[in-house]
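Asker: just the structure for this:
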Amino acid sequence: MVDPILSVFEQAGLMVLTLSFGAMVTASIWDQLNFTNGSIIFDGHEFEVDEQQIFLSYKYITTPRDESFKSIGPAKIEDEALVAYAASFKLLLHDKFDLIEAEQPEVQQRFHSYLENAILKKRGVIFLGALFLALLISFLIFSFYNTENSRLSAVVGAKTSSADQTDLLKRNITDKERLLKQLNWNGGYNYGFLANELVASSPKQLHLTEMNFNDYKTETEKQQRKPSIAIAGITDDLSAENNWIFLLKEKKWVKTVKLVKYQQDAGMDHHQFNLIITY
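Answerer: Numbering: from 1, shown residues only. This next block holds a predicted model:
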């Protein structure tokens, strides 16, 4: 009887997962039905149970005696649909209840295959979800460190550029200082200004006979190229010369004043002196 029916369902593309006979499959929903003197009655089916709902007997009446034979239960389902409802309920909650089914190997094998595929799909979904979550976390971490790397690269680039500019400025300064020495630069002071300052500040007891700016004579002086003024003169008052030296040291543009030579000419009352002033 069953095989032709299953064949028809299979040809229709329907997959039968459980097979049961009679109304015993409704045992899972007896809590949803009314009891009448220990009897559960619906659509011609009558179950006798005790107070603990333990099955005692069953009978099926093809033609119900009257309307009172129908049971109106809180399930709010027509009596004719209770068996189908119970069968689907039992299938959906197969992991909660024991299946009431016929021992048909083909259907049972199909059901076990369906469960295995469902478990495999569930695991696949969990794996894909975990993989997606891992990819999302990896993307967020990568974005964070990529942003930090860009920021640090900008900072390092700025510092490197600053260091390069500093080195370039140092080289430019060195080259310009070398060029200034080659050009015999006097520090920016005009010779006329310096000469006027020297003459205006010299005491009347001093007679300046010679004034040379940056007259480098030795190789050391030529290499150092320190701005200097060589002054020669005569005087008959030593204190006036000393006072002028102290006066020159007070000027802002004078660095050092050095008395190089001081001697008296034979047969003369005055003395010759030579000063070197650096500025």
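Asker: which stretches of the stretch 51-200 of the chain aren't confidently modelled?
Answerer: Across the stretch 51-200 of the chain, residues meeting the criterion (pLDDT under 70) sit at 63-80, 181-188.
Asker: pull out the buried residues from stretch 47-61.
Answerer: The neighbour-count criterion (16 or more other Cβ atoms under 10 Å) identifies F47, V49 as the buried residues of stretch 47-61. From N, CA and C alone the C-beta is placed, and that goes for glycine too.
Asker: equivalent analysis for stretch 155-170, please.
Answerer: Within stretch 155-170, no residue is scored as buried using 16+ other Cβ under 10 Å.
Asker: then stretch 264-275?
Answerer: For stretch 264-275, a neighbour-count test (16+ other Cβ under 10 Å) marks H271, F273, L275 as buried.
Asker: give me the contacts around the host helix or strand of the second one.
Answerer: The reference is to F273. Take DSSP states H and E as the rule and F273 turns out to sit in strand 271-278. Outside of strand 271-278, the residues that reach it under the criterion Cβ atoms under 8 Å, 6 or more residues apart in numbering are 198, 226-236, 238, 241, 245, 248, 254-265.
Asker: check those residues for burial and list the buried ones.
Answerer: 198, 226-231, 233-235, 241, 248, 254, 257.
Asker: a markdown table for these, including secondary structure and distance to D50?
Answerer: As requested, the buried ones among the contacts of strand 271-278 are exported to a markdown table (DSSP: H, G, I helix; E, B strand; the rest coil; distance: Cβ to Cβ, whole Å):
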| residue | secondary structure | distance to D50 |
| --- | --- | --- |
| L198 | helix | 138 |
| K226 | coil | 126 |
| P227 | coil | 127 |
| S228 | strand | 132 |
| I229 | strand | 135 |
| A230 | strand | 138 |
| I231 | strand | 140 |
| G233 | strand | 146 |
| I234 | strand | 151 |
| T235 | strand | 148 |
| E241 | helix | 144 |
| L248 | helix | 134 |
| V254 | coil | 129 |
| V257 | strand | 133 |
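Asker: measure how far stretch 89-100 is from the centre of its chain, please.
Answerer: On the basis of Cα atoms, centre = their mean, to the nearest Å, stretch 89-100 sits 51 Å off its chain's mean C-alpha point.
Asker: and that stretch, how far apart are its ends?
Answerer: From its first residue to its last, stretch 89-100 covers 12 Å (Cα to Cα, to the nearest Å).
Asker: report the buried residues of it.
Answerer: Neighbour-count burial for stretch 89-100, counted by 16+ other Cβ under 10 Å, picks out F89, K90, L91, L99, I100.
Asker: in three-state terms, label the second one for me.
Answerer: Okay, so that is K90. Classification of K90 into helix, strand or coil gives helix, according to DSSP: H, G, I helix; E, B strand; the rest coil.
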